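[1] prediction below, plus the sequence it came from.
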Amino acid sequence: MPVWGGGNKCGACGRTVYHAEEVQCDGRSFHRCCFLCMVCRKNLDSTTVAIHDEEIYCKSCYGKKYGPKGYGYGQGAGTLNMDRGERLGIKPERSMEVLRSVPDVGIPCMLLRR
């Protein structure tokens, strides 16, 4: 008995991808409608895709999740915000929890930083 639907499987949904709707990335096939950023769900193409392990991201979300952290890596005042990255799956640093648990006994702030 013949096996039907022997095309490549989509890397996102697992269904068969036909040639007319196929996008290839990193050796895997995707439907055009499944080739989306894992975080913001934007449509991607070869110029906007960034790959980490088996996950695909737009360059903006990839930079937020895996890029350098700390002072001086932003681009102007638009990067100053209080977002700690929870929606990207980033866990808050333990140092902030420790500082919040220290009772206020008049210790200067510079002694609490390390």
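    Noted; the coordinates are in hand.
[2] what stretches of this protein score poorly on pLDDT?
    1-5, 70-85, 87-114 (pLDDT under 70).
[3] could I get the full set of helices for it?
    Assigned by DSSP state H, the helices in the chain fall at 59-66, 94-101, 109-112.
[4] next, the buried residues of the first one.
    The reference is to helix 59-66. Across helix 59-66, burial judged by 16 or more other Cβ atoms under 10 Å covers C61, Y62, K64, K65. For every residue, glycine as well, the C-beta is placed using N, CA and C.
[5] report all helices and strands that that helix contacts.
    Here helix 59-66 touches strand 49-52, going by 3 or more Cβ pairs under 8 Å, 6 or more residues apart in numbering; DSSP states H and E.
[6] which residues does E55 bridge with?
    Beta bridges link E55 to H52, judged by DSSP bridges.
[7] thought it was touching C37?
    No: at 9.4 Å, E55 does not count as touching C37 under the criterion of Cβ atoms under 8 Å.
[8] tell me where this protein has strands.
    8-9, 16-17, 22-25, 28-31, 49-52, 55-58 (DSSP state E).
[9] show me what the first one is packed up against.
    Packed against strand 8-9 by the contact rule (3+ Cβ pairs under 8 Å, 6+ apart) you find strand 16-17.
[10] number of residues surrounding the closest residue to C37 other than its chain neighbours?
    If the residues on either side of it in the chain are set aside, C37 comes closest to C58, at 4.2 Å by Cβ to Cβ, 6 or more residues apart in numbering. Per other Cβ atoms under 10 Å, the neighbour tally for C58 reads 21.
[11] got it, and P68?
    Look at P68: counted by other Cβ under 10 Å, it has 7 neighbours.
[12] relative to V49, how far out is it?
    20 Å (Cβ to Cβ, to the nearest Å).
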